[in-house]
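**Q** from the sequence below, what's the structure:
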Amino acid sequence: MEQQLVVFDLGSEHFGVDIGAVDGIIKMQEITKVPKAPRFVEGVTNLRGSVLPVIDLRRRLNLDMVENTNETRIVVINMEHAKIGMIVDAVSEVLTVQEDVIEPPPPMVSTIETSFITGIAKVDSRLVILLDLAKVLSMEEKSALQVI
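**A** Prediction:
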(Lines give C-alpha, C1' and ligand atoms only; values in the text may rest on other atoms or scores of the structure.)
Protein backbone atom coordinates (compact mmCIF):
# COMPACT_ATOMS: atom_id res chain seq x y z
CA MET A 1 0.00 0.00 0.00
CA GLU A 2 1.20 3.50 -0.79
CA GLN A 3 1.11 6.71 1.18
CA GLN A 4 1.39 10.18 -0.34
CA LEU A 5 3.30 12.69 1.73
CA VAL A 6 4.02 16.39 1.61
CA VAL A 7 7.67 16.64 2.64
CA PHE A 8 8.98 19.79 4.29
CA ASP A 9 12.20 20.80 5.98
CA LEU A 10 12.98 22.24 9.37
CA GLY A 11 16.72 22.81 9.38
CA SER A 12 18.46 19.75 8.01
CA GLU A 13 15.61 17.42 9.02
CA HIS A 14 12.91 16.20 6.66
CA PHE A 15 9.33 15.79 7.85
CA GLY A 16 6.36 14.30 6.05
CA VAL A 17 2.63 14.64 6.54
CA ASP A 18 -0.21 12.84 4.83
CA ILE A 19 -1.24 14.84 1.78
CA GLY A 20 -4.89 14.51 2.82
CA ALA A 21 -4.27 16.75 5.86
CA VAL A 22 -2.79 19.56 3.75
CA ASP A 23 -5.20 22.19 2.43
CA GLY A 24 -2.54 24.29 0.74
CA ILE A 25 0.95 25.72 0.79
CA ILE A 26 1.45 29.47 0.66
CA LYS A 27 4.43 31.79 0.63
CA MET A 28 5.26 33.51 3.86
CA GLN A 29 3.09 36.59 4.29
CA GLU A 30 2.39 39.24 6.87
CA ILE A 31 1.37 37.82 10.24
CA THR A 32 -0.35 39.88 12.91
CA LYS A 33 0.76 39.14 16.48
CA VAL A 34 -1.94 38.16 18.98
CA PRO A 35 -1.45 39.38 22.56
CA LYS A 36 -1.06 36.69 25.24
CA ALA A 37 -1.02 33.87 22.68
CA PRO A 38 1.04 30.76 23.49
CA ARG A 39 4.75 31.15 22.69
CA PHE A 40 4.61 28.96 19.57
CA VAL A 41 1.68 30.90 18.05
CA GLU A 42 3.13 33.35 15.56
CA GLY A 43 -0.21 35.15 15.15
CA VAL A 44 -2.92 35.32 12.50
CA THR A 45 -2.97 36.07 8.79
CA ASN A 46 -5.57 36.69 6.11
CA LEU A 47 -6.09 33.68 3.88
CA ARG A 48 -8.60 34.30 1.11
CA GLY A 49 -10.71 36.52 3.36
CA SER A 50 -10.56 34.27 6.43
CA VAL A 51 -8.49 34.68 9.57
CA LEU A 52 -5.94 31.86 9.79
CA PRO A 53 -4.10 31.13 13.07
CA VAL A 54 -0.41 30.49 12.33
CA ILE A 55 1.99 28.54 14.52
CA ASP A 56 5.75 28.27 14.18
CA LEU A 57 6.43 24.55 13.89
CA ARG A 58 10.11 25.04 14.82
CA ARG A 59 9.08 26.66 18.09
CA ARG A 60 6.39 24.05 18.74
CA LEU A 61 8.89 21.22 18.29
CA ASN A 62 11.52 23.00 20.41
CA LEU A 63 13.98 23.36 17.53
CA ASP A 64 16.48 26.19 17.17
CA MET A 65 14.99 29.29 15.56
CA VAL A 66 16.29 30.66 12.25
CA GLU A 67 15.49 33.65 10.07
CA ASN A 68 12.82 33.23 7.41
CA THR A 69 14.08 32.91 3.83
CA ASN A 70 12.55 33.01 0.35
CA GLU A 71 11.86 29.29 0.83
CA THR A 72 9.88 29.69 4.07
CA ARG A 73 6.29 28.52 3.64
CA ILE A 74 3.06 28.27 5.55
CA VAL A 75 1.54 24.80 5.26
CA VAL A 76 -2.23 25.12 5.71
CA ILE A 77 -3.70 22.05 7.35
CA ASN A 78 -7.19 20.88 8.20
CA MET A 79 -7.37 20.15 11.89
CA GLU A 80 -10.71 19.04 13.33
CA HIS A 81 -13.03 21.51 11.58
CA ALA A 82 -10.48 24.33 11.55
CA LYS A 83 -7.61 25.41 9.35
CA ILE A 84 -4.25 26.21 10.90
CA GLY A 85 -1.09 27.46 9.24
CA MET A 86 2.27 25.99 10.21
CA ILE A 87 5.48 27.80 9.32
CA VAL A 88 8.19 25.53 7.87
CA ASP A 89 11.61 26.31 6.40
CA ALA A 90 10.78 24.89 2.97
CA VAL A 91 8.46 22.46 1.25
CA SER A 92 10.56 20.13 -0.84
CA GLU A 93 8.28 17.64 -2.56
CA VAL A 94 5.21 15.46 -2.70
CA LEU A 95 6.40 11.92 -2.26
CA THR A 96 4.76 8.53 -2.67
CA VAL A 97 6.20 5.89 -0.35
CA GLN A 98 5.43 2.24 0.09
CA GLU A 99 4.36 1.27 3.59
CA ASP A 100 7.21 -1.26 3.82
CA VAL A 101 9.78 1.60 3.96
CA ILE A 102 8.05 3.11 7.01
CA GLU A 103 9.19 1.97 10.44
CA PRO A 104 7.60 2.83 13.77
CA PRO A 105 9.48 5.43 15.80
CA PRO A 106 12.12 3.91 18.09
CA PRO A 107 10.88 3.38 21.68
CA MET A 108 13.25 6.04 23.05
CA VAL A 109 11.48 8.75 21.00
CA SER A 110 7.98 7.43 21.67
CA THR A 111 6.90 9.47 24.66
CA ILE A 112 3.73 11.42 25.38
CA GLU A 113 5.49 14.56 24.11
CA THR A 114 6.40 12.91 20.80
CA SER A 115 3.16 11.00 20.19
CA PHE A 116 2.72 13.03 17.00
CA ILE A 117 5.59 11.09 15.36
CA THR A 118 3.86 8.24 13.55
CA GLY A 119 6.85 6.69 11.84
CA ILE A 120 10.10 7.16 9.98
CA ALA A 121 10.34 6.55 6.25
CA LYS A 122 13.65 5.50 4.71
CA VAL A 123 13.75 7.24 1.34
CA ASP A 124 16.97 6.82 -0.66
CA SER A 125 19.74 7.97 1.71
CA ARG A 126 17.56 10.11 3.97
CA LEU A 127 15.08 9.67 6.76
CA VAL A 128 11.70 11.41 6.69
CA ILE A 129 10.00 11.79 10.07
CA LEU A 130 6.25 11.28 9.63
CA LEU A 131 4.00 13.54 11.68
CA ASP A 132 0.35 13.41 12.61
CA LEU A 133 -0.32 17.14 12.65
CA ALA A 134 -3.59 16.64 14.52
CA LYS A 135 -1.51 15.46 17.49
CA VAL A 136 1.12 18.21 17.35
CA LEU A 137 -1.19 20.39 19.45
CA SER A 138 -2.91 19.37 22.67
CA MET A 139 -6.70 19.66 22.99
CA GLU A 140 -6.26 22.83 25.08
CA GLU A 141 -3.96 24.36 22.47
CA LYS A 142 -6.43 23.55 19.67
CA SER A 143 -9.23 25.16 21.64
CA ALA A 144 -7.14 28.26 22.28
CA LEU A 145 -6.39 28.59 18.56
CA GLN A 146 -10.07 28.41 17.65
CA VAL A 147 -10.85 31.52 19.70
CA ILE A 148 -8.08 33.59 18.09
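**Q** point out where the chain drops to low pLDDT.
**A** For the chain, the stretches flagged by pLDDT under 70 are 108-114, 137-148.
**Q** contact partners for the closest residue to Asp23 other than its chain neighbours?
**A** Distances taken as Cβ to Cβ, 6 or more residues apart in numbering place Val76 nearest to Asp23, at 4.4 Å, with adjacent residues excluded. Where you see a C-beta, it was placed from the backbone N, CA and C, and this is true even at glycine. Residues in contact with Val76, defined by Cβ atoms under 8 Å, 6 or more residues apart in numbering, are Val22, Asp23, Gly24, Ile25, Ile26, Leu47, Leu52, Lys83, Ile84, Gly85.
**Q** the same query, at a cut-off of 6 Å, please.
**A** Asp23, Gly24, Lys83, Gly85 (Cβ atoms under 6 Å, 6 or more residues apart in numbering).
**Q** just the buried ones among those residues, please.
**A** By the neighbour-count criterion of 16 or more other Cβ atoms under 10 Å, the contacts of Val76 include these buried positions: Asp23, Gly85.
**Q** any idea how far Gly43 is from Met79?
**A** 17 Å (Cβ to Cβ, to the nearest Å).
**Q** then Ser92?
**A** Taking Cβ to Cβ, one finds Ser92 at 25 Å from Gly43.
**Q** kindly report the same for Glu99.
**A** When Glu99 is compared with Gly43 (using Cβ to Cβ), they lie 38 Å apart.
**Q** so the two - more neighbours on which side?
**A** Under the neighbour definition other Cβ atoms under 10 Å, Glu99 and Gly43 were set side by side, and Gly43 has more, 18 against 10.
**Q** need the strands for the chain, in chain order.
**A** Here the chain has its strands, by DSSP state E, at 2-10, 13-18, 22-27, 41-47, 50-56, 73-79, 82-88, 90-98, 102-103, 117-123, 126-131.
**Q** export the ones you listed to JSON lines and tack on distance to Val34?
**A** Shown next, in JSON lines, are the strands of the chain (distance: least, Cβ to Cβ, whole Å):
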{"stretch": "strand 2-10", "distance to Val34": "23"}
{"stretch": "strand 13-18", "distance to Val34": "24"}
{"stretch": "strand 22-27", "distance to Val34": "19"}
{"stretch": "strand 41-47", "distance to Val34": "5"}
{"stretch": "strand 50-56", "distance to Val34": "8"}
{"stretch": "strand 73-79", "distance to Val34": "16"}
{"stretch": "strand 82-88", "distance to Val34": "13"}
{"stretch": "strand 90-98", "distance to Val34": "25"}
{"stretch": "strand 102-103", "distance to Val34": "36"}
{"stretch": "strand 117-123", "distance to Val34": "28"}
{"stretch": "strand 126-131", "distance to Val34": "24"}
